[in-house]
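Student: need the 3D shape of this:
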Amino acid sequence: MGRHPIVKWAQRPDTLYITIDLPDAQDVKLKLGPEGKFLFSATTGKEKTPYEVDLDLYDKIDVNESKASIGLRNICYLVKKAESKWWSRLIKQEGKTPVFLKVDWDKWVDEDEESDAQGPGNDMDFGDLDFSKLSMGGGGDALDDVTLKMKMLKHHLPLQNLIPSFLQVWRMKQNLQSDEKAFNWCGVCLDAQPV
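Tutor: Numbers count the residues shown, from 1 in each chain. So this is what the prediction gives:
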């Protein structure tokens, strides 16, 4: 029996997004069953350490419409549900969720917010740009004030996740001394060009 990699998941009414975090995976094997069986195995490293996942998904799936993408850092699965409906959990097993199973907050959308998630800006492709590598810098009360103001921009949802990175880049380019000045400029631009 192999180890369990970290498995992240999110859903829409008709689709599951399952991401297996396993850098440099080799010999990747996936078996999907229409009754909801999800079997994954792979090896990694020079020692060919085995990893596997065996899940009984909450409900039936459409094997023919499901897809997989193997990347350098993870394996992503787009699993089509047989019936378009929200699931209350990923697996049939009730009780405590296995420790390797996590919610993918980057892809998660609540059932009542689904129509917002399909709005403009969610199909943007940023290529290889990793915004998580950019940091806000600063600190103290000024940062808390900026964070509070960013939360007030909820109606600019598609841009909300870009604001901290944008502030950092803008501050560096304009040689501004505070996040507050950069945020004020950003807020003016957002008001001038609504999404």
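Student: only C-alpha atoms from now on, for both contacts and neighbour counts.
Tutor: Fine.
Student: any regions of the protein where pLDDT drops low?
Tutor: Along the chain, the model assigns pLDDT under 70 to residues 1, 114-195.
Student: which strands and helices sit next to the longest strand that the chain contains?
Tutor: Looking across the chain with DSSP state E, the single longest strand is strand 61-70. Packed against strand 61-70 by the contact rule (3 or more Cα pairs under 8 Å, 6 or more residues apart in numbering; DSSP states H and E) you find strand 74-81.
Student: and the helices in this structure?
Tutor: With DSSP state H as the criterion, the chain has helices at 114-117, 140-151, 157-160, 163-174, 179-192.
Student: mind listing what's buried along the longest strand of the chain?
Tutor: Under the neighbour-count criterion of 16 or more other Cα atoms under 10 Å, strand 61-70 has Ile61, Asp62, Val63, Ile70 buried.
Student: residues in contact with that strand: which ones?
Tutor: 32-36, 75-83 (Cα atoms under 8 Å, 6 or more residues apart in numbering).
Student: now render the buried residues of strand 61-70 as CSV, adding distance to Glu113.
Tutor: Listed next are the buried residues of strand 61-70 as CSV, based on distance: Cα to Cα, whole Å:
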residue, distance to Glu113
Ile61, 23
Asp62, 25
Val63, 27
Ile70, 29
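Student: tell me which of those residues is nearest to Gln93?
Tutor: Ile61 (16.6 Å; Cα to Cα).
Student: scan the contacts of strand 61-70 and report the most crowded one.
Tutor: Counting neighbours by other Cα atoms under 10 Å, the top entry in the contacts of strand 61-70 is Lys81, with 25 neighbours.
Student: bridged to that one, which residues?
Tutor: With DSSP bridges as the criterion, Lys81 is bridged to Ile61.
Student: got the contact list for it?
Tutor: Pro13, Asp14, Thr15, Leu16, Asp59, Lys60, Ile61, Asp62.
Student: quick one, which of the residues you listed are buried?
Tutor: Buried residues within these, counting neighbours by 16+ other Cα under 10 Å: Asp14, Thr15, Leu16, Asp59, Lys60, Ile61, Asp62.
Student: okay, the closest residue to the third one other than its chain neighbours and Lys96: tell me how far apart.
Tutor: Setting aside the residues directly before and after it, Leu16 is nearest to Val79 in space (Cα to Cα, 6 or more residues apart in numbering), at 5.0 Å. For Val79, the distance to Lys96 under the criterion Cα to Cα, to the nearest Å works out to 23 Å.
Student: could you do Pro5 as well?
Tutor: In terms of Cα to Cα, Pro5 sits 18 Å off from Lys96.
Student: which of those two has more residues huddled nearby?
Tutor: Neighbour totals were compared for Pro5 and Lys96, and Pro5 leads with 20 against 6 (other Cα under 10 Å).
Student: isn't the more buried one right up against Ile20?
Tutor: Yes - the pair Pro5 / Ile20 is scored as a contact, 6.6 Å apart, by Cα atoms under 8 Å.
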